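In: fold the following for me, if possible:
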Amino acid sequence: MRKKYVTSLIVDGELLVNPIHILQAFTNFYKNLLGKSVPAFPCNLQALYGQQPSYLQLEEPFTPHEVHRAVLTLAKNKASGPDGLPNEFAREKWGVVGHDIMRIFEDLYSFNLNLAGLNLANIILLPKTQIATSLSSYRLISIINYIPKLIAKVLASRLGQHINAMISPSQTGFIKGRLIHENFLTAREIIAHLCTCKEPAIMVKLDFYKAFDTVNWTFLLNVLTVLGVPPKFIAWVELLLTTASSAVLLNNLTGEVFRHQQGLRQGDPLSPFLFIMVADVLSKMCQAAAISIPFRLSNRLRYPFQVLQYADDTLIFCTVKGKAVQSLKLVLATFSLCSGLNLNLNKSSFVPLNLSPAQINSVTSILNCDMAQLPLSYLGLPLTTNRPTRDVYHQLIEKIERKLAGWKNKLLSRAGRLTLVTSVMTSIPIFFMSVFKLPSWVIKTIDKLRRNFLWGRSPGAATGIPLLAWDRVCLPKPLGGMGVLNLKLLNISLLLKWLWRLFDVQNSQWAVLTRSMLASRSHTSPLTWTARGSFFWKDLMTLRHIFSISTYFTLGDGKDALFWLSDWGNGRLNFFNCTSKSFKPYVTVYKVCQHLSSSLQAPWNRDVHNAVLYLSSITTSDTRDTCFWKWNSSGCFTVKSAYKALAFAGKIDFQAALIWRAKLPPSIRIFTFLLFQDRLLTQDALLKRNILLQPGCSLCEATCLETATHLFCLCPYTQELWSKVNNLFPSFQFLRHTDIKQLIFEAVCNVRFNRNHTKSVLFCTVLWATWLERNNRIFRGAARNTEALLHWVVSQQELFLKFC
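Out: A predicted model of the protein is given here:
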């Protein structure tokens, strides 16, 4: 609760500790920020965009199906606005309130809806840093009333169907199919390219002050108009903007309500799309300014400017030749005056690339911002031309260790630890692995952290014996593993995505620029670029064989498909085993068609003869080759399908797979799986690990060595328990033989076909109860007779059947 309470605030050098004074300070701050507007500087947007298509579908009447779908897609478990209505309300009670909600949308369509009293939001403040003492060190989130939020969601759903065509490829934020990593990779390849060709340039990293909160509404509505958005839709957007009002909610106190005059609410479903429409104007302005500049970034980058945007996070590459930097400064100033987005020069910076000290001084005086050096952080990743240092990787490892520090593994069940390993510890490095090939020592270190946490081993302690080899743990569940992702295979799967995007270049600025910078000729396939580009590209080229056997091509011009390594013959031709040192392995089909005799420097054989016959039977075209992914029915690449293709390389273990699918609590499911694999720490298993104990069964007090078969089948105590279970449930009749694996298969696996879940739940609950009783007697000295244990089994079984 301490983090949720603002105890002090410094305003104009004065320390405020009174909650009412703190609330008033925040209210005045946001009232001045959001409640006042500056007249927009006129901008000829029509000249920037030209003639755009009209999206008349945006103003069609609202349908019940459309509104209900929006109701279902609003996120669950989110804070409600001032009206107190959670998102789940209409979802659960649509049959009751659906008609009334549709009347609201009918009034909205006919402009008979008064939103002034409904369009209210609470402003929630989130600290940007651990110690936030100033007004600007907090980030606001608007918690909006349900009805205006639902209206915004419906409008956003409509706009989302066309936003991809409206926004330049340089903007990757909030648009389905565009990736945040594209900007990072594009920036890195441009830097590597400019450094290689020694072209003088700068990289400008822009920061806008309170970007969402300062958008000028007049400018925004003008942008919507030139983009072809119909007038009625624009009027709905304007209605949501002009009727908005908010109040700061802080320390359980609500401040004064004020009306908005500018800005977009962060928390409104429509705001992200509206913002990137405004931000995209900067890219258009740079394109327009480039026309008057007779210089280029390099021979392969034909414009003097290259803009990369993720929402308001903006990078601009600019040549320093001629008046390019002055033109960029003018573009930035014009954009700020028109849009309302003001540059924060204290946080903006530029990175010199191949500049002399005199050129650096000149750029500094023009841009009036600080100079930075590589490496620097961009989109949460280290941007540099070199491979990440060990310190960078240690920061990634420390991030996982900080998560571990907040978890008490001894207080968590094994199922809870497995969930945290798969959903948290494994997900932390994914963002990094999407653009970096992790060294083996990093993967081993992270795996050690995951392994120790899963088995309950504390740092420096001897407790927590691993019950299953880590390679087995990382196998998919159908192969007899525990389903923890293999980081090496996951890393490969994430990197394969970039090879795929090179052949699926639509709306991918990274693919277009990479092709223009790295391709030596127009007819060379990306799979032939061996010695060009950054270290990332060289890492990517180590995966091209995996990519080749995972894809097939429909021939167009033959410039992308490799003659020997690509599958381009509809499965009828396979040359993977035909290549040798005498061949040119990375020659394209296009090249073979043009120069057959010189491209195939090998003795003529039947495979080559078949290929020539096949080539003569088809006609190439001017269109690009079409690439298809083999491991997905749609033919499109997904990281999931790539990982499955790499990971599912063994024999399917149907019995283990059925155990994981059984309707049991996770802890019992894991226990049953480990028992099936004979991995429980019974005395014989401890003896194999050189842990010597006095032989004996804690349940029957026999002096024999405790094994899983004895404990769960042969022990007199257990047999008495099974007998009572059979008497209570005569239709099941467990323990007909003493093979524990066969018992589990009959009780758990076979019922998957009979749909008798009661039997599997009861059987596994008895096994679980027996194991708990054994542990209680050894470690706590507590014992129960079979009658008490049976009563516990029956009560637990009823709970499991009800909730699993």
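In: okay, now the nearest residue to Ala656 once chain neighbours are set aside: neighbour count?
Out: With CB to CB, 6 or more residues apart in numbering as the measure, Gly480 is the residue that lies nearest to Ala656, at 4.3 Å, once sequence neighbours are left out. Using the backbone N, CA and C atoms, a C-beta is placed for each residue, glycine as well. Residues lying near Gly480 (other CB atoms under 10 Å) number 22.
In: surely Gly480 touches Arg472?
Out: Yes - taking CB atoms under 8 Å as the definition, Gly480 is a contact partner of Arg472 at 6.9 Å.
In: list the contacts for the residue nearest to Ala656?
Out: By CB atoms under 8 Å, 6 or more residues apart in numbering, the residues touching Gly480 are Arg472, Asp653, Ala656, Gln677.
In: next up, phi/psi of it, please.
Out: Phi and psi for Gly480, reported as degrees, to the nearest 10, are phi 90, psi 20.
In: how near is it to Pro39?
Out: Distance from Gly480 to Pro39, counting by CB to CB, to the nearest Å: 69 Å.
In: go on, His99?
Out: Using CB to CB, His99 is found at 44 Å from Pro39.
In: mind checking how far His791 is from Leu801?
Out: 16 Å.
In: Gly696 now?
Out: 36 Å.
In: what's the answer for His757, then?
Out: Distance, His757 to Leu801, by CB to CB: 7 Å.
In: higher neighbour count, these two?
Out: Applying other CB under 10 Å to His757 and Leu801 shows that His757 carries more neighbours, namely 17 against 14.
In: wait, the more buried one touches Gln797, no?
Out: No - contact criterion CB under 8 Å: His757 and Gln797 do not qualify, at 10.6 Å.
In: what comes up buried for stretch 113-124?
Out: Within stretch 113-124, the residues that count as buried by 16 or more other CB atoms under 10 Å are Leu113, Leu115, Leu118, Asn119, Leu120, Ala121, Asn122, Ile123, Ile124.
In: in a markdown table: these, plus secondary structure and pLDDT.
Out: Supplementary listing: those in a markdown table, determined by DSSP: H, G, I helix; E, B strand; the rest coil; pLDDT from 0 to 100:
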| residue | secondary structure | pLDDT |
| --- | --- | --- |
| Leu113 | coil | 93 |
| Leu115 | coil | 93 |
| Leu118 | coil | 93 |
| Asn119 | coil | 96 |
| Leu120 | strand | 97 |
| Ala121 | strand | 97 |
| Asn122 | strand | 96 |
| Ile123 | strand | 96 |
| Ile124 | strand | 94 |
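In: Gly177 should be in a helix, yeah?
Out: No - using DSSP: H, G, I helix; E, B strand; the rest coil, the secondary structure at Gly177 is coil, not a helix.
In: need the pLDDT of it.
Out: According to the prediction, Gly177 has pLDDT 87.
In: quick one, phi psi at it?
Out: Per degrees, to the nearest 10, the backbone of Gly177 is at phi 100, psi -10.
In: just give me the neighbour total for it.
Out: Neighbours of Gly177 using other CB under 10 Å come to 10.
In: okay, now the residue lying closest to Gln733 once chain neighbours are set aside: neighbour count?
Out: Nearest residue to Gln733, sequence neighbours excluded (CB to CB, 6+ apart): Asn726, at 5.5 Å. Using other CB under 10 Å, Asn726 has 15 neighbouring residues.
In: and Asn726, what element?
Out: For Asn726, the element it lies in under DSSP states H and E is helix 716-728.
In: so which elements touch that helix?
Out: helix 757-775, helix 786-803 (3 or more CB pairs under 8 Å, 6 or more residues apart in numbering; DSSP states H and E).
In: now with 6 Å?
Out: On a contact count with 3 or more CB pairs under 6 Å, 6 or more residues apart in numbering; DSSP states H and E, helix 716-728 meets helix 786-803.
In: next, the angle helix 716-728 makes with the helix it packs on.
Out: Taking axes from the mean of the first three to the mean of the last three CA atoms, to 10 degrees, one finds helix 786-803 and helix 716-728 inclined to each other by 60 degrees.
In: contact partners of helix 786-803?
Out: Pro665, Glu720, Leu721, Lys724, Val761, Leu762, Thr765, Val766, Ala769, Glu773 (CB atoms under 6 Å, 6 or more residues apart in numbering).
In: tell me the two of those residues that are most distant?
Out: Spatial extent of those (CB to CB) is set by the pair Pro665 and Glu720 at 25.2 Å.
In: which helix or which strand is home to the residue most central in space within the chain?
Out: Using CA atoms, centre = their mean, the residue of the chain that lies closest to the mean C-alpha position is Phe431, 7.1 Å off. Assigned by DSSP H and E, Phe431 belongs to helix 430-433.
In: low-confidence stretches in the protein?
Out: 1-3, 459-463, 505-507, 519-524, 529-533, 570-584, 595-620, 735-737, 749-756, 804 (pLDDT under 70).
In: next one: phi and psi at Pro127?
Out: Residue torsions, per degrees, to the nearest 10, at Pro127 are phi -70, psi 140.
In: repeat for Ala642
Out: Note on Ala642: backbone dihedrals following degrees, to the nearest 10 are phi -70, psi -40.
In: which parts of the stretch 151-300 of the chain are strands?
Out: Ranges of strands in the stretch 151-300 of the chain, per DSSP state E, counting those that start in this stretch, are 201-206, 208-209, 245-250, 253-254, 258-259.
In: which one of those strands lies nearest to Val325?
Out: Minimum separation from Val325 across these (CB to CB) falls at strand 201-206, 7.1 Å.
In: can I get the closest one as CSV, trimmed to CA atoms?
Out: Extracted as CSV, the C-alpha positions of strand 201-206 are listed here (Å, rounded to 0.1, in the frame of the first residue of the first chain):
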residue,chain,number,x,y,z
ALA,A,201,25.4,11.3,-40.9
ILE,A,202,23.6,11.7,-37.6
MET,A,203,21.0,9.7,-35.8
VAL,A,204,18.6,11.9,-33.9
LYS,A,205,16.6,10.4,-31.0
LEU,A,206,13.6,12.5,-30.2
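In: and that strand, how far out from the chain's middle?
Out: Relative to the centre of its chain, strand 201-206 is centred 27 Å away, using CA atoms, centre = their mean, to the nearest Å.
In: pop the domain breakdown of the protein in here.
Out: According to automatic domain parsing, the chain comprises the domains 2-159+211-258, 390-485, 492-647, 654-803.
In: with distance to Glu182 added, can I get those in CSV?
Out: Below are those laid out as CSV (distance: least, CB to CB, whole Å):
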stretch, distance to Glu182
domain 2-159+211-258, 21
domain 390-485, 10
domain 492-647, 4
domain 654-803, 36
